[in-house]
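Engineer: Below are the sequence and a predicted model for it; my questions follow.
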Amino acid sequence: MSAEVLDGKRIAKEIQAEIKQRVATFVETHHFAPALAAVLVGDDPASQVYVRNKERACERAGIKSQLHRMPADSTTDEVLEKVRQLNEDPEVSGILVQLPLPREVDTQVVLDAVSPLKDVDAFHPRNVGLISQGRPQFLPCTPHGIIQMLKRYQIHTQGKNVVIVGRSDIVGKPMALMLANRDIGLGPEMANATVTICHSQTSDLGAVTQQADILIAAIGQPKFITGDMVKLGAVVVDVGINRTDDGLVGDVDYNDVVPVASYVTPVPGGVGPLTVTMLLENTLSAAGLQLAAVGS
């Protein structure tokens, strides 16, 4: 067996083309374009690359983008003031606070301050709560991108055993909530999974991952998932992006897993492009929600 590659880059292009058409219709109808405002605190090189990629994606889709740079020594109060200004700006549809923030800034306080109607990362407690109830306002970008990719490859999660390695608030936890629900708006076949979350305290991790029909790795450890941890014929989704002396690698030992899995995502070119794409989706949705709120 040799795994088929899940081409996230190709799927992202397809979805972005669809979003571009919907944005054009939105602009024609409402006479303004959705706008995404990014807040970048400090000069972290990786964060600057991510923000630049998001700006380019917005431009391709016809979405306006703003970049608000703040010095690395900004205080929590100063970042909160910037968020407050963007919350009140009617021309801003979505707000992205680029993580990680400097250590001196209280990340949770800042994320909680973003208006739930402009929270296109779906980090606000209100939006997380709506996801847990199966009635999301926005879906978190990386988990949503993963489900979109599986859907377009006709890999259904309904009735499957899904093991998620990693319990972060950005990927692991929301991914589990979405897959365990009856339906999150993408069809019941893309939910209704039996979900297990693994983490640093999981006993005999390999024995758990070997039970997975779909294995999602999101732990930030290079080449951690090896072939002997994967069930024969499993679908393996690698969320990790790790910079090593050998270049970018994922959390999955790709060459070791390919002979065992049925499908596997590459790094780069797998999940990453879909994360940016779902940010565009949420920005367009946010613009519509804000219009509806004003109308009501």
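Structural biologist: Great, that's in hand.
Engineer: Going along the chain, name the strands of the stretch 1-150 of the chain.
Structural biologist: With strands called from DSSP state E, counting those that start in this stretch, the stretch 1-150 of the chain shows them at 4-5, 35-41, 64-70, 94-97.
Engineer: If I take the third one and strand 35-41, what angle do their directions form?
Structural biologist: Between strand 64-70 and strand 35-41, the angle formed by their directions is 20 degrees, by axes from the mean of the first three to the mean of the last three C-alpha atoms, to 10 degrees.
Engineer: Okay, now the sheet partners of strand 64-70, with direction.
Structural biologist: According to DSSP bridges, strand 64-70 forms sheet pairs with strand 35-41 (parallel).
Engineer: Need the residues that contact the strand it pairs with.
Structural biologist: 47-48, 51, 54-55, 58, 63-72, 74, 79, 82-83, 86, 89, 91-98, 101-102, 105, 120, 279-280, 283, 287 (C-beta atoms under 8 Å, 6 or more residues apart in numbering). Placement of C-beta: from N, CA and C, glycine included.
Engineer: Just the buried subset of those, please.
Structural biologist: Neighbour-count burial within these applies to 47, 51, 54, 58, 63-68, 70, 74, 79, 82-83, 86, 92-98, 101-102, 105, 120, 279-280, 283, 287; the criterion is 16 or more other C-beta atoms under 10 Å.
Engineer: Identify the residue nearest residue 283 in space, chain neighbours excluded?
Structural biologist: residue 94 (4.0 Å; C-beta to C-beta, 6 or more residues apart in numbering).
Engineer: Could you double-check that the one you found lies in contact with residue 120?
Structural biologist: Yes - between residue 94 and residue 120 there is a contact at 3.6 Å, judged by C-beta atoms under 8 Å.
Engineer: Common neighbours of those two, please.
Structural biologist: Common neighbours of residue 94 and residue 120 (criterion: C-beta under 8 Å, 6+ apart): 36, 279, 282, 283, 286.
Engineer: Out of the residues you listed, name the two that are farthest from one another.
Structural biologist: 279 and 286 (10.4 Å; C-beta to C-beta).
Engineer: which neighbours do those two share?
Structural biologist: Residues touching both residue 279 and residue 286 by C-beta under 8 Å, 6+ apart: 94, 120.
Engineer: what would the shared contacts of residue 94 and residue 120 look like in a markdown table with distance to residue 252 and pLDDT?
Structural biologist: What follows is the shared contacts of residue 94 and residue 120, written out as a markdown table (distance: C-beta to C-beta, whole Å; pLDDT from 0 to 100):
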| residue | distance to residue 252 | pLDDT |
| --- | --- | --- |
| 36 | 30 | 98 |
| 279 | 24 | 97 |
| 282 | 27 | 98 |
| 283 | 30 | 98 |
| 286 | 33 | 98 |
